[in-house]
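Novice: Quick one: sequence plus predicted model below, questions after.
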Amino acid sequence: MAKITAAEVGKLRKATGAGMMDCKKALVEAEGDFDKAIDILRKKGQKVAAKRADRDSSEGVAAAKVNADNTAGVAIVLGCETDFVGKNESFVSLAKDFAELAINYNSKEEFLAADFGGMTVAEKLTEQTGVIGEKIDINAFEKIEAAYVGSYVHINKIAAVVGLSAKVDNADTLAKDLAMQIASMGATTLSYKDFDPAFVASETEARIAAIEKENEELVRLGKTLKNVPQYISMSQLSEEVLAKAEEDAKAQLAAEGKPEKIWDRILPGKMERFISDNTTLDKEQCLLDQDFIKDEKSTVAKYVSSFGDVEVTGFKRVSLG
């Protein structure tokens, strides 16, 4: 039997991340052959991975990386089974190392096949499954390219990358603020103009039904009823709809006995309220139409326009779960 030194065990541990006892056992089984010991640990990882393939890896770490000239960004999620593992320093470090590598590839498939310290990323995931004893996987991989790209990571749970059409002055500030907005508010698209009409119609029907049902309970409890919107997106507010809303507002002012000479001062606020009440879908899902988190009196679109001739070309968001 080959004599296994502490230095050899330490070297194998550093190379694989496996525990001291697992490294020693692998070296003993391999009779001191370092490469064979690595292979033994990999096979152990394959066995553990096969047993845990159907497990839910909903915990983990979200990470983002932008290249040196800010023209490409990637966001990934390295998933595991428990929050305990997800918070482990070595696991967080591995996620960041993966993100550093992922920036060089355009798809999850390419990334998984990439070299990572003498093995593929996929093989490293299998190895770490054996080391940690939990299912380890790349649960999300998103990449964007643009004239300027920025990113933001929220406590290792959510990562966002966003692209701008030009590298304007203070582009770093704009991109970071936008990525923070995306991470915080969970937009799914850029503008209400991107919505499919059938989706908006279906969502409108569902939301109105939900509020009406909730109001039935509020009536029973003797509480104030919630406003039932006619619409939920700016895509539904045609010129005809807005014109009728204005006529209704004027009729209300007349019924209240407000002098017609002051209507021009009141109508803008009423129309603004009408639009706000009837664009809830946009504010939830459309980045440019959301209220800006750092100044709720402004929309994201207005904030972007304050930086000059620049547009948001796209964004990606990944999160645990």
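Specialist: Alright, I've got the coordinates. What you see is a predicted model; the values in this text were computed from it and never measured.
Novice: domain ranges for the chain?
Specialist: 6-51, 59-188, 193-296 (automatic domain parsing).
Novice: quick one: contacts for Arg273?
Specialist: Going by C-beta atoms under 8 Å, 6 or more residues apart in numbering, Arg273 touches no other residue. C-beta: built from backbone N, CA, C; applies to glycine.
Novice: For the helix or strand where Ala245 lies, which residues meet the burial criterion?
Specialist: Secondary structure assigned from DSSP states H and E places Ala245 in helix 239-255. Neighbour-count burial for helix 239-255 flags 245, 249-250, 253 (criterion: 16 or more other C-beta atoms under 10 Å).
Novice: Tabulate those residues in a markdown table, adding columns for pLDDT and distance to Thr189.
Specialist: Formatted as a markdown table, those follow (pLDDT from 0 to 100; distance: C-beta to C-beta, whole Å):
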| residue | pLDDT | distance to Thr189 |
| --- | --- | --- |
| Ala245 | 93 | 25 |
| Ala249 | 93 | 30 |
| Lys250 | 92 | 35 |
| Leu253 | 91 | 36 |
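Novice: Closest one of those to Phe292?
Specialist: Nearest to Phe292 among those is Ala245, at 25.0 Å by C-beta to C-beta.
Novice: What is the burial count for the residue nearest to that closest one when sequence neighbours are not counted?
Specialist: The spatial neighbour of Ala245 that comes closest, neighbours along the chain excluded (C-beta to C-beta, 6 or more residues apart in numbering), is Phe274 at 4.8 Å. Phe274 has 20 neighbouring residues, counting by other C-beta atoms under 10 Å.
Novice: And the one 5 residues further on, by the same measure?
Specialist: Counted with other C-beta under 10 Å, the burial measure for Thr279 works out to 21 neighbours.
Novice: didn't it look like it was pressed against Ile232?
Specialist: Yes: using C-beta atoms under 8 Å, Thr279 is in contact with Ile232, at 6.9 Å.
Novice: After the lowest-mean-pLDDT helix or strand in the chain, heading C-terminal, what element do we hit next?
Specialist: Lowest on mean pLDDT, DSSP states H and E among the helices and strands of the chain sits helix 34-51, with a mean of 68. For helix 34-51, the following helix or strand on the C-terminal side (DSSP H and E) is strand 59-66.
Novice: That next one: what's the following helix or strand?
Specialist: Next in sequence after strand 59-66, counting helices and strands by DSSP H and E, comes strand 72-80.
Novice: Give me the buried positions along that following strand.
Specialist: Across strand 72-80, burial judged by 16+ other C-beta under 10 Å covers 72-80.
Novice: I'd like those written out as TSV, with distance to Ile4 and pLDDT added.
Specialist: What follows is these, written out as TSV (distance: C-beta to C-beta, whole Å; pLDDT from 0 to 100):
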residue	distance to Ile4	pLDDT
Ala72	45	98
Gly73	45	98
Val74	40	98
Ala75	42	98
Ile76	36	98
Val77	37	97
Leu78	31	97
Gly79	34	95
Cys80	30	93
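Novice: Closest one of those residues to Val149?
Specialist: Minimum distance to Val149 across the buried residues of strand 72-80 is 4.0 Å, recorded for Gly73 (C-beta to C-beta).
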